Structures are given as C-alpha cells and as structure tokens.
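In: I'd like to go over a predicted model; first the sequence, then the structure.
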Amino acid sequence: MEIVVFGAGSLGSLLGGLLASEHRVTLVGRDPHVSTIRSEGLSITGRFDRTVAPEATTDGAGLAADLVVVTVKSFDTEDAARTLATGEFDVALSVQNGIGNEETLSKHLDCPVLAGTATYGARLDSPGHVDCTGHGELTLGPRDGGVSSVAKDVAEAFTAADIEANAVPDMSRKLWEKLAVNAGINPVTALSRVRNGVLGEGSASEISRTAAVETAHVARAEGADLSSHTVLSRIDAVIDATARNQSSMYQDVLAGRRTEIEAINGAVLERAEVHGIDVPVNRTLTALIRAWERENTDKK
Ligand SMILES: NC(=O)C1=CN([C@@H]2O[C@H](COP(=O)(O)OP(=O)(O)OC[C@H]3O[C@@H](n4cnc5c(N)ncnc54)[C@H](OP(=O)(O)O)[C@@H]3O)[C@@H](O)[C@H]2O)C=CC1
Ligand SMILES: CC(C)(CO)C(=O)C(=O)O
C-alpha cells in the first residue's frame, strides 16, 4: 500500500515507521526530524528494535496515496485538512485524541474518513528516533459506526506491519469511551503534576471519575450506548495499566506547549451545552487548563 502519515511526531513516527517495513510510506513532519530520517533512517526502540527508511518531507501539499493517516495534535487538524485537500487519497484515518477530528477532515477531503483510537505509547526522543513506550492496539471504523470493507482493508494493512489493529462496528461508542478516559485523566494529572497511577485513589481520583461519568452522560445524549459503569471500570483499568505514564496533557504542560483541552474536556462542555446538560467538573477543568494556556503559551 502507498501510505502518507501526516504529523510525524511521536505517534506518527511510530506508526509510520512500523508501516514502512511492509508498505511504501511517506512521513510528513518537521525538520530536523525529517532531514535526519532522510540521511540516517528512522530508528524505533522500546517495544520494537528496528531502523527503517521511509520517505520523509516537510511539505504535505499535493501528495497522493491509497491511505493517509492523520496524527497531528487536534488543534492542527484544520490546517492539516486544508493541506491534504491539495492531494489525492482513497481513504483517510484519524488516529488522534479528542472528538471532532473526523468531522474537520471530512469537511475538506473528498475521500471516506475513518475514525481510530490508539493505545500505543510513543515518544519522539530525538530527531530520527522514536521510542515505543507502550504496546497497545489500534481500533478503527466508520465514525458513525457500522461495518466497512475499507476499514477492514486498512486494519489488515496495519496488522501486516506488526501493528495490532481491529476494525470495529461501534467506533462512535469507542471514541466516546476514550474521550471519557482522557477527560478524566489528562487535565487532572496536568494540573496536579502527577503520573496517572496517583489517580488510583484519593480525592483527585474522584474528580477524574466524575469528569468521566459526566462525559458518559453527554455521550448518551449524543446517541452513544455508554453507561457510567462502563466508563468507571474503563478509567480504573487505564489508570492501572498506565500508572507510570505522564499523560500527554501533563507532558504538554511540563514542556510549556499548548494542550488538547479543546478537543477533550472543551468538546464535552460544548456538546453538553447543546443538550442542556450540566457538566461542572469538565467546565472547571477546562477553565483551569485554558487559564494555564493563556499565561504560558502563545495561544491567547
Ligand atoms: N504520543 C502518543 O503516545 C499518543 C498520541 N495520541 C494522539 O495522537 C495525536 C498526536 O500525538 P503526538 O504524536 O504525541 O503529537 P506530536 O506533537 O508528537 O506529533 C505531531 C507532529 O505533527 C507535526 N505537524 C503538525 N502540523 C504539521 C504540518 N502541517 N506539517 C508537518 N508536520 C506537522 C507537529 O510539529 P509541530 O509540533 O512543530 O507543529 C508534530 O511534530 C494526538 O491527538 C494525541 O493525543 C494517541 C495515543 C498515543
Ligand atoms: C490513556 C492516556 C491517559 C494514557 O496516558 C492518554 O491517552 C494520554 O495520556 O493522552
């Protein structure tokens, strides 16, 4: 398969690097990562140990491929979509956190857009080097649910490259479930500067769990079949499985970078308002992270 990975940071480099063992891959990213890949290849360490040589470019305009995998942060999706619209793709797959990414891509692209979630952990250690910090899986399918042969073909392309991937019929529910976990864990760990495992007990844990339950309430109003019981057992399981992790939002705050708050708790808040649902914990967490961003990043 001919595959473009748009957003060769941590996750994009891991997925694109693994895909490159089996497919013709072009990574779209930034220098000096791109120039290092061109001269020395891309090395993948941690749960994998290999060096690959995908094509790499900083210019994502006018590309064509069977599949484009989008791995930019959610606040860059609109820009990425405009650039990708200058090229030609048979299918696009978003593997991003938060909700709304597929809608943004669909607005600009002519091809079908699939939704995906990844539980792999990836960290771009240095130019040309990505570390796989957690072995997980990729779940993908049509955004609004249902079975699709295109989704199955895409999942097979990932599986052929050693990436655990499954096409599922209930992607809408999966996206809300992942959102509930991120809405609970990410801002609380970022604000209190703790690893995920600290949320296993205590009052911070209650804040996380309440944010997740509020998210499930909104998900049901949006038509997703997601019980509070399911999100509570899911968030407990993720906290346990990723106890040593610094969440992505905690890492962003430590690095003084803009966070994905708008696509996570901000999106819960926005959709809750549409349905007249009160989500006080999500509202509070969103306000606090927004305040931090105003003071500490370029985002005003
Ligand atoms: N890392 C992980 O383990 C996981 C990440 N995710 C999700 O995956 C998504 C990506 O996360 P992550 O990989 O950590 O993020 P990164 O910031 O590491 O990667 C995104 C990369 O895309 C680059 N980029 C953005 N726009 C362009 C453009 N127009 N042209 C070229 N390059 C561009 C960014 O560069 P720059 O920063 O310079 O703009 C950055 O290097 C997020 O939604 C995240 O929540 C999900 C599961 C696990
Ligand atoms: C699941 C979790 C919370 C793991 O750290 C994550 O997705 C993130 O950090 O963004």
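Out: Thanks, I have it. Ligands and ions are numbered 1, 2, ... in the order given.

In: any idea where the helices of the stretch 201-300 of the chain begin and end?
Out: In the stretch 201-300 of the chain, the helices defined using DSSP state H, counting those that start in this stretch lie at 203-221, 228-241, 248-254, 265-275, 280-296.

In: in a strand, that's where Val69 is, yeah?
Out: Yes: assigned with DSSP: H, G, I helix; E, B strand; the rest coil, Val69 falls within a strand.

In: Just give the nearest non-adjacent residue to the residue positioned nearest the centre of the chain, would you?
Out: What sits nearest the mean C-alpha location of the chain, by C-alpha atoms, centre = their mean, is Gln96, with 2.4 Å. Among residues not flanking Gln96 along the chain, Ser74 sits closest, at 5.4 Å (C-beta to C-beta, 6 or more residues apart in numbering). Every C-beta, even on glycine, is put in place using the N, C-alpha and C of the backbone.

In: ok, that neighbour - how many residues close by?
Out: Look at Ser74: counted by other C-beta atoms under 10 Å, it has 22 neighbours.

In: Quick check: residues of the stretch 1-150 of the chain near ligand 1?
Out: For the stretch 1-150 of the chain, the contact set with ligand 1 under C-beta under 6 Å from any ligand atom comprises 7, 9-12, 28-30, 60, 71-74, 76, 79-80, 83, 96-97, 118, 120-122, 124.

In: can you do 5 Å?
Out: Within the stretch 1-150 of the chain, the residues that sit near ligand 1 (C-beta under 5 Å from any ligand atom) are 7, 9-11, 28-30, 71-73, 76, 96-97, 118, 121-122.

In: The closest residue to Ala160 other than its chain neighbours in helix, strand or coil?
Out: Leaving aside its sequence neighbours, Ala160 sits nearest to Glu22 (C-beta to C-beta, 6+ apart; 4.9 Å). Of the three states, Glu22 takes coil according to three-state DSSP.

In: roughly how far apart are Glu22 and ligand 1?
Out: Plainly put, Glu22 is 21 Å away from ligand 1 if you go by C-beta to the nearest ligand atom, to the nearest Å.

In: ok, now Ala255?
Out: Separation of Ala255 from ligand 1 (C-beta to the nearest ligand atom): 10 Å.

In: Could you report the neighbour count for the closest residue to ligand 1 within the stretch 1-150 of the chain?
Out: Nearest residue of the stretch 1-150 of the chain to ligand 1, counting by C-beta to the nearest ligand atom: Gly9, 1.8 Å away. Neighbourhood size, Gly9 [other C-beta under 10 Å]: 19.
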